[in-house]
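1. With the input below, show me the fold.
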Amino acid sequence: MYWQEISGSWVLIPRQPVGIIHFLGGAFVATAPNITYRWLLENLGKSGYAVIATPFVNTLDHSAIALNVLNRFESILERLQSTGKLKLGYLPIYGMGHSMGCKLHLLIGSLFEVERHGNILISFNNYPVKRAIPFIEPLALDVKTLNLEFVPSPEETQDLISENYLVRRNLLIRFSNDDIDQTNILNPILNSRFPNMIASLNLPGNHLTPLGQDIDWKAGEIFTPFDAVGQWIKKEFSRDIYRLRDEVLRWLNPEKFI
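-> The predicted structure follows:
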């Protein structure tokens, strides 16, 4: 199993896939998801999920980005099936997003007719331009620049979700040390739309936890105190990302964890 670049997206296909995950990352780390989210995505691949990670460049028009990444995903999926790299039989499709990637999956599920078995939304946020891009205000030269806003705006996004979002099953994950997470705003909106269908978790970690990488520490032939310190550091650095992986897999296939 190895990463393949197909039409600008990164694809990971296990030998016998049990499902497909369309992954969208955060605003400033989404251009190379096979690197920035490598550990998490490869572990999902090892558990049998084909991963299609679609890079994107953030602009003010989030609706256009959502349409673009959806079209690219569907094109790549069709290509993988037509070439036999993915079997033609039914495989459940899940959307998975981190930070801005959550907003894009929510827009996809609200603006377009898509078939999704569920969405995994990690560290959702939906801030206006001046909060999402903190350096824009000091650089602004006039009032018009300060009035720039995303399309749809945060308020319009919430309205779209509450009125049109079609994906019934959702896992919402926030981290205990994440000051920019807005899952507490999204949770009641989705619960109002689909009662008893929304799972919500509060896990140890911070906004950057999904980008964590496991430290490959290998002890020498003789285990030294230095190796002991190295193993402790590995354990501490890896704990939160391991727990995130386990909870995502538990939600994807709860029967396996019974």
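
2. in a helix, that's where N202 is, yeah?
-> No. Secondary structure assignment places N202 outside any helix; it is strand (DSSP: H, G, I helix; E, B strand; the rest coil).

3. I'd like the distance between it and L186.
-> The gap separating N202 from L186 is 14 Å, by Cβ to Cβ, to the nearest Å. Where C-beta positions appear, they are placed from N, C-alpha and C, glycine not excepted.

4. ok, these two, which is more surrounded?
-> L186 (25 against 13; other Cβ atoms under 10 Å).

5. Go ahead and confirm the more buried one touches I173.
-> No. Counting by Cβ atoms under 8 Å, I173 is not a contact partner of L186; they are 11.2 Å apart.

6. any shared contact partners between those two?
-> Residues touching both L186 and I173 by Cβ atoms under 8 Å, 6 or more residues apart in numbering: L121.

7. can you give me the helices for the stretch 51-200 of the chain?
-> For the stretch 51-200 of the chain, helices defined by DSSP state H, counting those that start in this stretch occupy the ranges 62-82, 100-111, 129-132, 136-139, 143-146, 154-164, 183-193.

8. closest one to P254 among these?
-> Nearest of the helices of the stretch 51-200 of the chain to P254, taken as Cβ to Cβ: helix 183-193 at 19.1 Å.

9. my read: N68 touches V57, true?
-> No. N68 sits out of contact with V57 when judged by Cβ under 8 Å, with a separation of 9.8 Å.

10. the more surrounded of the two?
-> Neighbour count, other Cβ under 10 Å: between N68 and V57, N68 has more, with 16 against 10.

11. So for that one, what pLDDT did the model give?
-> At N68, the model reports a pLDDT of 98.

12. before we move on, what about I76?
-> With respect to pLDDT, I76 scores 96.

13. and it, what does it touch?
-> Taking Cβ under 8 Å, 6+ apart, we find I76 in contact with I6, S7, S9, V11, I52.

14. Can you flag which of these belong to strands?
-> Taking DSSP state E, the ones among those that sit in strands are I6, S9, V11, I52.

15. and the gap between the first one and L77?
-> As judged by Cβ to Cβ, I6 and L77 stand 10 Å apart.

16. still on that earlier bit, same list, the ones in strands among the contacts of I76, but as JSON lines with pLDDT and distance to R168 please.
-> Listed next are the ones in strands among the contacts of I76 as JSON lines, based on pLDDT from 0 to 100; distance: Cβ to Cβ, whole Å:
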{"residue": "I6", "pLDDT": "94", "distance to R168": "30"}
{"residue": "S9", "pLDDT": "96", "distance to R168": "26"}
{"residue": "V11", "pLDDT": "97", "distance to R168": "27"}
{"residue": "I52", "pLDDT": "98", "distance to R168": "22"}
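
17. Show me which of those residues are buried.
-> Neighbour-count burial (16 or more other Cβ atoms under 10 Å) is assigned, among these, to S9, V11, I52.

18. Chain neighbours aside, what residue packs nearest to the second one?
-> The reference is to V11. Spatial nearest neighbour of V11, chain neighbours left out: Q4 (4.7 Å); criterion: Cβ to Cβ, 6 or more residues apart in numbering.
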